[in-house]
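Chemist: Quick one, what's the 3D model for this:
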Amino acid sequence: MTKHGLPDGTLARARRTPLREPGPTFVAIDFETATARPESACAIGLVRVEDGRVAARISRLIRPPRKAFTFTAVHGIAWRDVAEAPAFHDVWVELAPRLEGAAFLAAHNARFDERVLHACCRLAHLAPPDIPFRCTLQLARKLLPGQPASLPVVCRRLGISLRHHDPVSDAEACARLVIAASQKRFRIAT
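Modeler: Predicted coordinates for the structure are as follows:
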């Protein structure tokens, strides 16, 4: 024991260990859509990350502009689930303040989520956020080169919990992927 009451070598290790800067504040986002039309968002998940930790999880159902649902088998959401839900405009007005101070939006296959967000904002006569998207699909391809990069496969490989096509679970998985990459924690499960 040292004179400070710590095990021998603790202070020396502490001096050699660089302090990690907290990561940037960012928001992971995931949409589920009723059909292939980008303005048909029927659910959204947001996960806000501050100082490398999940600070908030939010999930909302959205009433799309049409009753048509072709992706119910994928995500389990049907018109009956969203018929009384607010339209995108009202959901976004509530959620947009959660993006304040975010350096970027993270999404798996970010082009899809960015396209949905922009189409929904356009239909609702709202300005889309002026925040860049970062794609965790591209990040996964760098972390696990030559391997499948779908969100379920990546989560299984990195030991990240996932209920695929639950928008807040997908968003949190993206957030945890970004956090792991920023902290260089690539514990690969076998």
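Chemist: any idea where the helices of the protein begin and end?
Modeler: Ranges of helices within the chain are 10-16, 72-75, 79-82, 88-95, 110-123, 136-143, 151-158, 167-182, based on DSSP state H.
Chemist: Can you tell me which of those is packed in deepest?
Modeler: Stretch with highest mean neighbour count among the helices of the chain: helix 167-182 (a mean of 23; mean count of other CB atoms under 10 Å). Any C-beta I mention is one placed from the backbone N, CA and C, and that applies to glycine too.
Chemist: Residue 24: which of the helices of the chain is closest?
Modeler: Between residue 24 and these, the shortest gap by CB to CB is with helix 167-182, which sits at 8.3 Å.
Chemist: got the angle between that closest one and helix 136-143?
Modeler: 40 degrees (axes from the mean of the first three to the mean of the last three CA atoms, to 10 degrees).
Chemist: sorry, back to before: now the helices of the chain as TSV including distance to residue 37 and mean pLDDT?
Modeler: Formatted as TSV, the helices of the chain follow (distance: least, CB to CB, whole Å; pLDDT from 0 to 100):
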stretch	distance to residue 37	mean pLDDT
helix 10-16	55	39
helix 72-75	15	96
helix 79-82	14	98
helix 88-95	13	98
helix 110-123	8	98
helix 136-143	22	91
helix 151-158	22	92
helix 167-182	17	95
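Chemist: just so I know, which of the ones you listed lies nearest residue 66?
Modeler: Per CB to CB, nearest to residue 66 of the helices of the chain: helix 79-82, 9.1 Å.
Chemist: Now do that closest one: distance to the chain's middle.
Modeler: Centre-to-centre, helix 79-82 and its host chain are 24 Å apart (CA atoms, centre = their mean, to the nearest Å).
Chemist: re the thing from before, export the helices of the chain to a markdown table and tack on distance to residue 39?
Modeler: Conversion of those to a markdown table gives the following (distance: least, CB to CB, whole Å):
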| stretch | distance to residue 39 |
| --- | --- |
| helix 10-16 | 53 |
| helix 72-75 | 17 |
| helix 79-82 | 14 |
| helix 88-95 | 8 |
| helix 110-123 | 4 |
| helix 136-143 | 22 |
| helix 151-158 | 23 |
| helix 167-182 | 16 |
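Chemist: Residue 55: which of those is closest?
Modeler: Nearest to residue 55, of the helices of the chain and by CB to CB, is helix 167-182 at 9.9 Å.
Chemist: And for the closest one, what's in contact with it?
Modeler: 23, 26, 28-32, 43-47, 49, 52-54, 57-59, 106-108, 134, 136, 139-140, 143, 151, 154-155, 158, 160-164, 186-187 (CB atoms under 8 Å, 6 or more residues apart in numbering).
Chemist: from those residues, which ones fall inside strands?
Modeler: Among these, the ones falling in strands (DSSP state E) are 26, 28-32, 43-47, 49, 53-54, 57-59, 106-107, 134.
Chemist: just the buried members of these?
Modeler: Burial by neighbour count, 16 or more other CB atoms under 10 Å: within these this picks out 26, 28-32, 43-47, 49, 58-59, 106-107, 134.
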